[in-house]
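**Q** Just the structure for this:
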Amino acid sequence: MLFVVGCKNDAKMSEHDMGDNSHATHISTIDSTQPPMFNEIMAVHDEIMPWMNNIESLKQDIRMKMDSIDTFGGSDENRKQFRHAMAELNRADNIMSDWMSSFKENYDTIQTEKNKLNFLESERAKIEGVRGLMKESIEVAQMTLKNTPIK
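**A** The predicted structure follows:
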């Protein structure tokens, strides 16, 4: 039975949410028919999924600043800082998307409960890593935008 169908659009918004969720198409939220560890993983997913909006918004802000540097001039150090922040945001975006796709593709194919629990244990560690990476990339981008004097 396929139960992993799509992110819940009305998930509780976090402090990092910036609007509608363009990435909300991959994984279901909490499911009472699943093992508790599955729901722990989905709770983390639901917490960080809205951060994808913030990542997209920050990428847009950074692109605008980079365009401003190209148009009005700016230091190579400024360019380097913005490129680094953009790379971190892209990496977090890609890792979250890859995790969602991989989780969906693999979980439904596992037949035994023991194998499902082993898989879930591994995925719990992965989603915690994704959360940390996303948080860090958002913080780097926010600090770069705040501390780089480009109009």
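
**Q** State the distance from residue 104 to residue 68.
**A** 39 Å (CB to CB, to the nearest Å). Every C-beta, even on glycine, is put in place using the N, C-alpha and C of the backbone.

**Q** One more: residue 49?
**A** Plainly put, residue 49 is 31 Å away from residue 68 if you go by CB to CB.

**Q** For the helix or strand of the chain at the bottom of the mean pLDDT ranking, name the packing helices and strands.
**A** Sorted by mean pLDDT, DSSP states H and E, the helices and strands of the chain end with helix 51-72, the least confident at a mean of 92. With contacts defined as 3 or more CB pairs under 8 Å, 6 or more residues apart in numbering; DSSP states H and E, the packing partners of helix 51-72 are helix 76-107, helix 113-147.

**Q** Could I get the buried residue list for the last one?
**A** Counting neighbours by 16 or more other CB atoms under 10 Å, one finds that the buried residues in helix 113-147 are 116, 119-120, 123, 126-127, 130-131, 133-134, 137-138, 140-141, 144-145.

**Q** Stretch 78-98 too?
**A** For stretch 78-98, using 16+ other CB under 10 Å, the buried residues are 78-79, 81-82, 85-86, 88-89, 92-93, 95-96.

**Q** could I get those residues as CSV with distance to residue 59 and pLDDT?
**A** Putting those into CSV (distance: CB to CB, whole Å; pLDDT from 0 to 100) gives the following:
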residue, distance to residue 59, pLDDT
78, 17, 86
79, 16, 89
81, 14, 93
82, 11, 94
85, 9, 97
86, 6, 97
88, 10, 98
89, 5, 98
92, 10, 98
93, 8, 96
95, 15, 97
96, 13, 97
